[in-house]
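In: Need a 3D model of the sequence below.
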Amino acid sequence: MFRTIRFRSIVNDIPLNYKFILIYVIGILLPIFVSNVLFMDRMSGLIKEREEQNLQISLERARKDIHTMIDGGVAVSHALITDKLLTESMDRVYDSQLDFYNTLDDQLRHRVTSYIPVNNQIQRIGVYTENPTIVPGGDYYVLDNDVRSGTWFEQWKAAGETLKVLAYRDQATNDRAATSSYLSVIEKMDYYNADNSYQKLVRIDFYLNRFYDVIAREKSSLDLYLVNAQNQIIVSADDKYQGEMESSYALFDMSKAADKDLHIVPIGSASYVKGWKLIGVPQETRVKQAMLSMQLYFGMLAGIITLITSIFIYVMLRSYNYRVKRLSRHMQKVGNEKFELINMDGGHDEIGHLISNFNMMTARIHSLINNVYKLEIQQRSQEAERIRAELNLLQSQMNPHFLFNTLNALLVVSTKNNYADVKDIIKDLSKLLRRLLNWKDDVVTLEEEMSFTVMYLGIEKFRFRDKFEYYIDITEEARRYKIPKMSIQQLAENACKHGIQAIEGLGYVKIQAEIVNEHLRVVVSDNGKGMDKERLQEVLYHMRSKEESGGYNIGIRNVYRRLELYYDDKVNFNLVSRIGEGTEVSFEIPLQLLERQDAKGGVDDGI
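Out: Next comes the predicted model:
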């Protein structure tokens, strides 16, 4: 029970917009994402399975075609060795060349070549015999020492079998100086052996391009390699006839292809192709393209669904969230005694009814407060304000009157006793105070501000005597621009109080004002004790803080805050200080923000 209550409390604490987002993420986006991932995983498996089946079909089709071509050559070879007339003709001893040619014309001329038209994979058929009485040429050859030293005969003899399919490099048939690649069926003619029989062989050469065509046909699915029992590559889709440019065939390196999904099938089960195989290497791009196409499709589908649901949930969320926030803000205003009605079409759902009821309640409360309480409160407030204003008026009249009477008394005493310095400083102080009391405008010309500042610096000069000097450098153009009053005097006062007072030797305050790059630039500098980096950062922090610093650097903070209030963030206010060297305070105000007095105003007090 406790857990249920706790869970409800947690749910109720979630803001309404976050609830909608959670519903959208968990209830819509997450199921879409999970279902797409699971579906894509299943589709990936089906695509791989389909591609695997296609590869097996391509491999088996190529193997079958190659096996059919080889078996066709073997069948022709069997037909020739079982041809009794051909066997007898090869074993017969001829009396002369004319006798052989007569037999050739009568019985042998087309006996061999008649098999080629129906077996277009066969390039050439040759019958070899040890019978020295035949005349070599055409399709019949003498099995002499030159033939026995040939590559094909040596490989056949080394195999020790009657019938063998061999791939080898030998002299080209049309160019004895060149070599060429061959794929041949070689079989011994011993079907009708007699006592006086010669050794006879049938050699059937295949067109290699027929095998290449079969392999190249499947290149879109996989790369095929026709490999013999010695692992030599005879034909491949990459290099066509292997060994054409080399002295021997290249070997298929199983170790380099270990990371690939190799498909290996034997060409056949007969002994004459024992060890011959077809190796297929799948093309990864085909599977990748199929996977990429599937991923793009489902990605676009998920994106469209997500976009539509996002727009829908945004419209619904905005409808609820906007009205609830408006209702919440107006309820807070009611707490601050601001009874404003919600001016909007709230709709006819639950929130719309809440807004309608709130407007009715607010109007009634506002009417009650105005009719019963607010009038009495206003009367009391007005009476209190009247009494406070009278007190302030009396006090404002008393303080200057008392202060001026006191200064006049001091001035009379100083004149009688011939205290010239005291008399002058009292006069300046009297002018300064009178200026403060009569200064009604918030902004004054720079000339007036400097006149007031010079009077203050005169008082400080009287105080420090020979230990203090001040320098004023104001351009004529800058004098007529108006700035907030006491913007410079407080900086000069700050320099005297915190900078000059703490040093032993001669101290000075320098005030400069000029027009630079369409800005009024004012600089107040001193050669006082200065500040280290930590102290400077502390002063800058309190200067820029929104909270009152409780009298901490109040002069510089007041100047900064007043300039900020007048000119927003367009004033460039800088404070630079180095320990033992002094402090420099400067500010720059764009001229377009300043008023300018055309006629010369103010008094000339030495500036």
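
In: correct me, but A250 touches I233?
Out: Yes - counting by CB atoms under 8 Å, I233 is a contact partner of A250 at 5.2 Å. For every residue, glycine as well, the C-beta is placed using N, CA and C.

In: More neighbours: these two, which one.
Out: I233 (21 against 15; other CB atoms under 10 Å).

In: Distance-wise, check that one relative to L262.
Out: In this structure, I233 and L262 are 14 Å apart, going by CB to CB, to the nearest Å.

In: Would you mind pointing out the helix or strand S248 falls in?
Out: Applying DSSP states H and E as the criterion places S248 outside every helix and strand.

In: Verify the contact between it and Y168 for me.
Out: No - checked against CB under 8 Å, the pair S248 and Y168 is beyond contact range at 9.6 Å.

In: So for the two, which residue has more residues nearby?
Out: Applying other CB under 10 Å to S248 and Y168 shows that Y168 carries more neighbours, namely 24 against 11.

In: neighbouring strands for the helix or strand encompassing that one, and are they parallel or not?
Out: Y168 belongs to strand 163-171 when assigned by DSSP H and E. Applying DSSP bridges, strand 163-171 is found paired with strand 179-188 (antiparallel).

In: If you tally nearby residues, what's the number for S96?
Out: Neighbour count for S96, taken as other CB under 10 Å: 10.

In: ok, it - contacts?
Out: Residues counted as contacts of S96 (CB atoms under 8 Å, 6 or more residues apart in numbering): none.

In: With adjacent residues omitted, what lies nearest to L563?
Out: Among residues not flanking L563 along the chain, V571 sits closest, at 4.7 Å (CB to CB, 6 or more residues apart in numbering).

In: Give me the distance between the one you found and L591.
Out: From V571 to L591 the distance is 12 Å (CB to CB).

In: the more surrounded of those two?
Out: Taking neighbours as other CB under 10 Å, V571 and L591 compare with V571 leading, 17 against 14.

In: can you tell me the average pLDDT over the strand holding Y168?
Out: Averaging pLDDT along strand 163-171 yields 86.

In: Then stretch 560-579?
Out: The pLDDT scores in stretch 560-579 average 87.

In: next one: stretch 84-96
Out: Rounded mean pLDDT across stretch 84-96 is 88.

In: so how far is it from its chain's centroid?
Out: 85 Å (CA atoms, centre = their mean, to the nearest Å).

In: buried stuff in that stretch?
Out: Buried positions in stretch 84-96, judged by neighbour count with 16 or more other CB atoms under 10 Å: L86, T87, S89, M90, D91, Y94.

In: Spatially nearest residue to the fourth one (excluding sequence neighbours)?
Out: The one in question is M90. T129 is the one closest to M90 (CB to CB, 6+ apart), at 4.3 Å.

In: I'd assumed Q199 was in contact with that neighbour.
Out: Yes - if you go by CB under 8 Å, T129 and Q199 touch, sitting 7.3 Å apart.

In: So for those two, which residues contact both of them?
Out: L143.

In: Spell out, range by range, the strands that occur in the stretch 451-600 of the chain.
Out: All strands of the stretch 451-600 of the chain, identified by DSSP state E, counting those that start in this stretch, fall at 468-474, 482-484, 507-516, 519-526, 572-578, 582-590.

In: quick one: strands adjacent to the second one?
Out: Taking DSSP bridges as the criterion, strand 482-484 pairs within the sheet with strand 443-445 (antiparallel).

In: Over the strand it pairs with, what's the mean pLDDT, rounded is fine.
Out: For strand 443-445, the mean confidence score works out to 87.

In: Equivalent analysis for stretch 461-476, please.
Out: Across stretch 461-476, pLDDT averages out at 86.

In: Alpha carbons of that stretch, in PDB - could you do that?
Out: Provided in PDB are the C-alpha atoms of stretch 461-476 (Å, rounded to 0.1, in the frame of the first residue of the first chain):
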ATOM      1  CA  LYS A 461      43.800  69.400  -1.800                       C
ATOM      2  CA  PHE A 462      43.300  71.400   1.300                       C
ATOM      3  CA  ARG A 463      43.200  68.200   3.300                       C
ATOM      4  CA  PHE A 464      46.400  66.600   1.900                       C
ATOM      5  CA  ARG A 465      48.300  69.800   1.200                       C
ATOM      6  CA  ASP A 466      51.600  69.200  -0.600                       C
ATOM      7  CA  LYS A 467      51.000  65.400  -0.800                       C
ATOM      8  CA  PHE A 468      48.200  65.700  -3.300                       C
ATOM      9  CA  GLU A 469      47.900  67.000  -6.900                       C
ATOM     10  CA  TYR A 470      45.200  66.700  -9.500                       C
ATOM     11  CA  TYR A 471      45.200  67.100 -13.300                       C
ATOM     12  CA  ILE A 472      42.300  67.700 -15.600                       C
ATOM     13  CA  ASP A 473      42.400  67.100 -19.400                       C
ATOM     14  CA  ILE A 474      39.100  67.600 -21.100                       C
ATOM     15  CA  THR A 475      38.700  68.200 -24.800                       C
ATOM     16  CA  GLU A 476      36.500  71.100 -26.000                       C
END
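
In: Contacts for that stretch, please.
Out: Contact partners of stretch 461-476, identified using CB under 8 Å, 6+ apart, comprise 421, 424-425, 446-447, 450, 454, 457, 460, 492, 496, 500, 505-515, 606-607.

In: how about it: buried residues?
Out: The neighbour-count check on stretch 461-476 (16+ other CB under 10 Å) flags K461, F462, F468, Y470, I472, I474 as buried.

In: same thing with stretch 580-599?
Out: Under the neighbour-count criterion of 16+ other CB under 10 Å, stretch 580-599 has G582, T583, E584, V585, S586, F587, E588, I589, L594, Q597 buried.

In: What is the nearest of these to V76?
Out: When the buried residues of stretch 580-599 are ranked by distance to V76 (CB to CB), E588 comes first, at 105.4 Å.

In: List the contacts of that closest one.
Out: V516, H519, L520, R521, V522, V571, N572.

In: got it, and I125?
Out: Contacts of I125 (CB under 8 Å, 6+ apart): V76, L80, V112, T113, Y115, I116, D139, V202, R203, I204, D205.

In: 10 Å instead, please
Out: 73, 76-77, 80, 111-116, 119, 139, 184-185, 202-205 (CB atoms under 10 Å, 6 or more residues apart in numbering).

In: Give me the buried subset of those residues.
Out: The neighbour-count test (16+ other CB under 10 Å) marks 73, 76-77, 80, 111-112, 115-116, 139, 184-185, 202-205 as buried among the contacts of I125.
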